[in-house]
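> sharing a model that was predicted from the sequence below.
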Amino acid sequence: MSIRSLFVFIVLNTICSFTYAQTETSFFKGYPVVAHSDTLFFVKNKLGSLSAAERAERTSAKVEALAEDLLFVPDSLITERDSSLIAIAYKGNVLLSLSQADADSVKMDREVMAKAYQEIILNNIDKYKKETDLTKLLQRGALGVLIIAILGMCIFFLNKYSNRFNAWLRVKLHEKISGFKIKNYELINRKNEMLLIRKVLNLVKVFVIFILVYLTLPIVFRLFPWTKPWSDSLIGFVLNPLKNIFSAIIAFVPDLITITVIVFVFHYIKKAIKFLADEIEGGRLKINGFYPDWAKPTYNIVKLVLNAFMLVVIWPFIPGSDSGIFKGVSVFLGLLISFGSSSAISNGVAGMVITYMRPFKIGDIVKIGDTTGAVQEKSLLVTRVLTFKNEVITIPNSAILSGNTVNYSSMANQNELIIHTTVTLGYDLPWNQIHELLIGAALASEGVIKEKQPFVLQTGLEDWYVSYQLNAYINNPKRMPAIYSEVHKNIHIAFDAAGVEIMSPHYQAIRDGNASTVPGASVITKEGASL
């Protein structure tokens, strides 16, 4: 090979390699001519009825066939020129014809280009023949056997000494291992832990053997030209994923910086909003029409909206976010959440509405449906009420929003909560006496506010009796059951002391009415005689 041809070969090979390595460039890369797993050069233009891909494929096949010719004479590979083409031919068999368009595509002189291609083909054939020489093959075969023998020895000694190491380790750990416990629960006992350690060591041994075999096979396959593609494939199985991962990481760095900046900005926006919420909740900052108990739930809502908006902003920068699989999984999860959380969403919306309606706060005594007690917890989804019987009742917020809520504490804080009870008595009893007895019983009860006079309402005039409703003021709704009991007891005592029978008169339909239910009272006969 002449110095000029060698120089042209190096320049041309550099240009072709650079062209092939470009991705998404503004010019066409071309189709590679590959022989014996080596890329020789590229074909970019069509010629006559042959496309560029067909030209490259035909040239590759002819070069490989020429290398298999045992009578191949390098001097017979020549370049032939006619009026419009320069052909690279061997004994009349044209391997490749080059047009002016081919030379212009790489910005070279056509004759120089033809000579360079000729030298490349000759070098590839010469290299292949040297690699397939019988003496070389025998040497490489012996080297391959030696490599395999060394591999077998490595596996033998690895297996031998790993078994000894396992036995030594079991002896050393026998007294130290006591099983694996989580608090009082024994997750793995001593015997199973030893078995687990042995299996882990065996897996490590198998993995090391696999790595040794996997690294040895490409070396052996690379000794022979026919198995060289297998070697490249085995290496590619490992290197290509690593190269793709590394390239993806490098390409992701700008997006990662963008995501970091976005997260950083949103983080400090949320911190600023939390500071304002804490100030409002603590009463240090006051905003007209905005109550302190709104601060925390409002902050939670704003934080949720900001997090959702932040996710929308960074979504395009997440690797694989534009892939079909990623979109399909996202849609599936969205549908799953939508169909599976309809009640949760309704409770959450109801929880937000209740928060801004302010029907009660933590500690208030309320009646929600049939449940009466102190509000123990308010969350986005449920409200928990501690009843007077020390029962914790969990009520969905949607049920609270759709029903009625009675708040006893809101008016009790202003000493205006009224409790009431009803007594039915006959028309023969003077109403003013009944009023005095009921009011006296209320004032004698502990927990009733003495400064505010109880009052009685006559709520019904039935056929046989009158309904008297006693109303009294209290300021401690937490003691309502006890106060009601005290009032009822004092009513009983007061009426018994006054000789008034607490009984609706229609009982006369089933008895003559002569017997009195008042303890110690005399019986009045129909004629008025005392018995």
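That came through fine. Just so you know, these numbers come straight off a predicted model, no measurement behind them. Numbering: from 1, shown residues only.

> and the residue nearest the centre of the protein?
residue 333 (10.1 Å; C-alpha atoms, centre = their mean).

> in which helix or strand would I find it?
helix 324-340 (DSSP states H and E).

> which residues touch the helix or strand following that helix?
Under the assignment DSSP H and E, the closest C-terminal helix or strand after helix 324-340 is helix 342-357. Helix 342-357 has contacts (C-beta atoms under 8 Å, 6 or more residues apart in numbering) with 293-294, 297, 301, 378-383, 396-398, 400-401. For the C-beta atoms, the positions are set from N, CA and C on the backbone; glycine is no exception.

> and the residues you listed, which two are the farthest apart?
294 and 396 (21.6 Å; C-beta to C-beta).

> let me know the pLDDT of residue 282.
Model confidence at residue 282, expressed as pLDDT, equals 83.

> next one: the one 10 residues further on
Among the per-residue scores, residue 292 shows a pLDDT of 81.

> please apply the same query to residue 273.
So, for residue 273, pLDDT stands at 91.

> tell me the spacing between it and residue 297.
13 Å (C-beta to C-beta, to the nearest Å).

> which one's more surrounded, these two?
Using other C-beta atoms under 10 Å, the more surrounded residue of residue 273 and residue 297 is residue 297, with 18 against 15.

> list the residues that contact that one.
Taking C-beta under 8 Å, 6+ apart, one finds 352, 355, 380 in contact with residue 297.

> any idea how far residue 277 is from residue 386?
27 Å.

> who has more neighbours, those two?
residue 277 (21 against 16).

> residue contacts, the more buried one?
295-296, 298-299.

> same question, residue 84
So residue 84 contacts 99-100 (C-beta under 8 Å, 6+ apart).

> quick check: the gap between it and residue 47.
With C-beta to C-beta as the criterion, residue 84 and residue 47 are 10 Å apart.

> do residue 488 as well
Taking C-beta to C-beta, one finds residue 488 at 113 Å from residue 47.

> next one: residue 97
The separation that residue 97 has from residue 47, given C-beta to C-beta, amounts to 6 Å.

> residues bridging contact with those two, i.e. touching both?
residue 85.

> the two: which has the busier surroundings?
Shown here are residue 97 and residue 47; by other C-beta under 10 Å, residue 97 has more neighbours (20 against 17).

> the more buried one in helix, strand or coil?
Following DSSP: H, G, I helix; E, B strand; the rest coil, residue 97 is assigned to strand.

> mean confidence for the helix holding residue 333?
68.

> do stretch 490-501 as well
91.

> how about the strands in the stretch 251-400 of the chain?
365-368, 371-378, 382-387, 392-396 (DSSP state E, counting those that start in this stretch).

> these: which one's closest to residue 215?
Per C-beta to C-beta, nearest to residue 215 of the strands of the stretch 251-400 of the chain: strand 382-387, 60.3 Å.

> list the buried residues for the closest one?
382-383, 385-386 (16 or more other C-beta atoms under 10 Å).

> angle of that strand against strand 371-378?
130 degrees (axes from the mean of the first three to the mean of the last three C-alpha atoms, to 10 degrees).

> tell me what strand 382-387 is packed against?
Helices and strands touching strand 382-387, by 3 or more C-beta pairs under 8 Å, 6 or more residues apart in numbering; DSSP states H and E, are helix 342-357, strand 365-368, strand 371-378, strand 392-396, helix 397-402.

> hmm, who's touching the last one?
Judged by C-beta under 8 Å, 6+ apart, the contacts made with helix 397-402 from elsewhere in the structure are 343, 346-348, 350-351, 353-354, 359, 368-369, 380-383.

> with the third one instead?
Surrounding strand 371-378, the residues in contact under the criterion C-beta under 8 Å, 6+ apart are 351, 354-355, 360-366, 383-388, 391-393, 395, 478.

> run the chain-centre distance for that strand.
33 Å (C-alpha atoms, centre = their mean, to the nearest Å).

> who does that strand pair up with?
strand 365-368 (antiparallel), strand 382-387 (antiparallel) (DSSP bridges).
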